[in-house]
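[1] Task: produce atomic coordinates for the following.
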Amino acid sequence: MEIGSKVKRATVAKRTSWIPISNVVFGGNEEKYVVNAVRSTWVSSLGEYIDRFESDFASFVGAEHAVSVSNGTCAILLALKALDVGPGDEVVAPSFTFAATVNAILHAGATPVLIDCMPDHWGMDPAEFEKAITPATKAVIPVHLYGHPCDMRSIMRIAQRHRVFVIEDAAEAHGAECTGRKVGTIGHIGCFSFYGNKIVTTGEGGLCVTDDRDLDGRMRKLRDHGMSKERRYWHEEIGYNFRLTNLNAAIGVAQMERIGDFLRRRSELAEMYEQRIREIPELRTYPESPHGTKIDWLFCAFVQPDAAVGRDALLAKLKEYQIDARPTFYPVHLMPPYQEVRRIGSLGHSVRFGLSGINLPLYPSLTEEDVEYIVDSMKEIFYRARKESHEA
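    As a prediction, this is how the structure comes out:
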């Protein structure tokens, strides 16, 4: 029987209002705290909200130290530089990730080595990680993609055996857990993003967490131009201006007050998607990570190879229904700037996930009616495609 032949048509009245892929949710103390920061005149990289935001996030994930920075990409670059990763060093990373992971390695002057994900899970494959290790390997960056934790137990075991630093890219995984700990706190340094579409936002912003006091101090110095904390305007090494502003941090403090509510609401909506999308044979949902507890950033589904509508055509059709669905990230090795980057194996699983996946809108202010409309729209798109195929 042809795929989807049992599914009845869902009659959908197209909306005129746009459903974005993500939406910032304010309504707490964001305005109050930003106004307080403005009135204090501490609007740049000093002020009470920076300290509060770092403390609040460190407490949330269970880390000893948190260093705020201007964005998530800077967080990864700062982590690499704090660990003295640079020219002549290799850094193992997944190909199936947002390009910022690999860009940070290149900006550090190091050599990326791209590896595949697991066949049934898009987390970094530990076996491929071990294959990629050479005498030049200095660090590995597992990515907790879309909020799903990697197999950190295996990755840490391999990294410790080969004396490789572990930098967790947890940009999309605020609150996900693995090995009984929040992701980002398992390796040497964990990196987070607070871009506008993340679980909590500071507008633009990022943060590094660590339990290592020396790494905390090194990152703080590098973040602030490499300047001595004891001797003003005395620069002990070449650093960066990666500082977060007090205004951004004020938003972050207010957002952290509601992170539990945000995560619960996202989980409720993701469960609704999960149940409803099972009614569409042309799609399959992403399995729960066997390596820990996920959080729900965007909702991901995959278009089956024999579907009457391909991934890109489905995304284009959804725009006609005023739905801002997106493709999953393209594997890094397929894109023009990274053709010369070293890779291990064919990276076939990364290609499969990257070229068949869609991201559906997910954010706390999304309604149950929105989810129903999105799923019913996909049902109608596939129904019409099947009908046209039969009539041809």
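[2] What backbone torsions are found at the residue sitting nearest the centre point of the chain?
    The chain has E172 as the residue nearest its centroid, 2.7 Å off, counting by C-alpha atoms, centre = their mean. Note on E172: its backbone torsions stand at phi -110, psi 10 [degrees, to the nearest 10].
[3] Equivalent analysis for S68, please.
    Dihedral angles (degrees, to the nearest 10) for S68: phi -80, psi 150.
[4] the longest helix in this structure is where?
    helix 368-391 (DSSP state H).
[5] Can you classify K319 by secondary structure?
    Classification of K319 by DSSP: H, G, I helix; E, B strand; the rest coil places it in helix.
[6] Now it. Nearest residue, chain neighbours left out?
    Nearest residue to K319 in three dimensions, chain neighbours excluded: A325, at 8.0 Å (C-beta to C-beta, 6 or more residues apart in numbering). Where C-beta positions appear, they are placed from N, C-alpha and C, glycine not excepted.
[7] if I pick the residue nearest to the centre of the chain, what's in contact with it?
    144-147, 193, 198-199, 297 (C-beta atoms under 8 Å, 6 or more residues apart in numbering).
[8] Could you measure from it over to L334?
    Plainly put, E172 is 20 Å away from L334 if you go by C-beta to C-beta, to the nearest Å.
[9] go on, P126?
    On the measure of C-beta to C-beta, P126 and L334 end up 23 Å apart.
[10] what's the answer for Y146, then?
    According to C-beta to C-beta, Y146 stands 18 Å off from L334.
[11] Give the residue from those two that has the larger number of neighbours.
    Y146 (23 against 14; other C-beta atoms under 10 Å).
[12] isn't the more buried one right next to I295, touching?
    No: counting by C-beta atoms under 8 Å, Y146 sits too far from I295 to count as a contact (9.2 Å).
[13] Give me the residue ranges of the stretch 251-392 of the chain where confidence is low.
    Applying pLDDT under 70 to the stretch 251-392 of the chain picks out residues 390-392.
[14] in it, which spans are helices?
    259-277, 311-320, 348-356, 368-391 (DSSP state H, counting those that start in this stretch).
[15] Identify each buried residue in the last one, please.
    Read that as helix 368-391. 370-371, 373-383, 385-386 (16 or more other C-beta atoms under 10 Å).
[16] quick one, strands of the stretch 201-350 of the chain?
    Listed in chain order, the strands of the stretch 201-350 of the chain (DSSP state E, counting those that start in this stretch) span 206-210, 283-285, 299-303, 326-327, 342-343.
[17] who does the fourth one pair up with?
    Sheet neighbours of strand 326-327, with direction, are listed as strand 357-360 (antiparallel) (DSSP bridges).
[18] And the partner strand, how far out from the chain middle?
    14 Å (C-alpha atoms, centre = their mean, to the nearest Å).
[19] ok, residues contacting that strand?
    Strand 357-360 is contacted by residues 21, 146, 273, 286, 298-303, 311, 314-315, 323, 325-328, 374 when judged by C-beta under 8 Å, 6+ apart.
[20] and if you look at stretch 267-276?
    Under C-beta under 8 Å, 6+ apart, the answer for stretch 267-276 is 285, 295-296, 299, 301, 360, 362, 366, 368, 371-372, 375.
[21] what's the farthest-apart pair in those?
    I295 and E372 (23.0 Å; C-beta to C-beta).
[22] still on that earlier bit, can you dump the C-alpha atoms of the longest helix of the chain in CSV for me?
    Included here for helix 368-391 are C-alpha records, laid out as CSV according to Å, rounded to 0.1, in the frame of the first residue of the first chain:
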residue,chain,number,x,y,z
GLU,A,368,-2.7,24.2,21.0
GLU,A,369,-4.7,25.6,18.1
ASP,A,370,-1.5,26.7,16.3
VAL,A,371,-0.1,23.2,16.6
GLU,A,372,-3.4,21.7,15.3
TYR,A,373,-3.3,24.1,12.3
ILE,A,374,0.4,23.3,11.5
VAL,A,375,-0.2,19.5,11.6
ASP,A,376,-3.5,19.7,9.6
SER,A,377,-1.8,21.9,7.0
MET,A,378,0.9,19.2,6.5
LYS,A,379,-1.8,16.6,6.2
GLU,A,380,-3.5,18.6,3.5
ILE,A,381,-0.3,19.2,1.6
PHE,A,382,0.5,15.5,1.5
TYR,A,383,-3.1,14.6,0.6
ARG,A,384,-3.1,16.9,-2.3
ALA,A,385,0.3,15.7,-3.5
ARG,A,386,-0.9,12.1,-3.4
LYS,A,387,-4.1,12.9,-5.3
GLU,A,388,-2.2,14.8,-8.0
SER,A,389,0.2,11.8,-8.3
HIS,A,390,-2.7,9.4,-8.8
GLU,A,391,-4.3,11.6,-11.4
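[23] neighbours around A75, how many?
    The burial count for A75: 33, using other C-beta under 10 Å.
[24] Let me see the contact set for it.
    69, 171, 191-193, 206-208 are the contacts of A75 under C-beta under 8 Å, 6+ apart.
[25] do that again at 7 Å, thanks
    69, 191-192, 206-208 (C-beta atoms under 7 Å, 6 or more residues apart in numbering).
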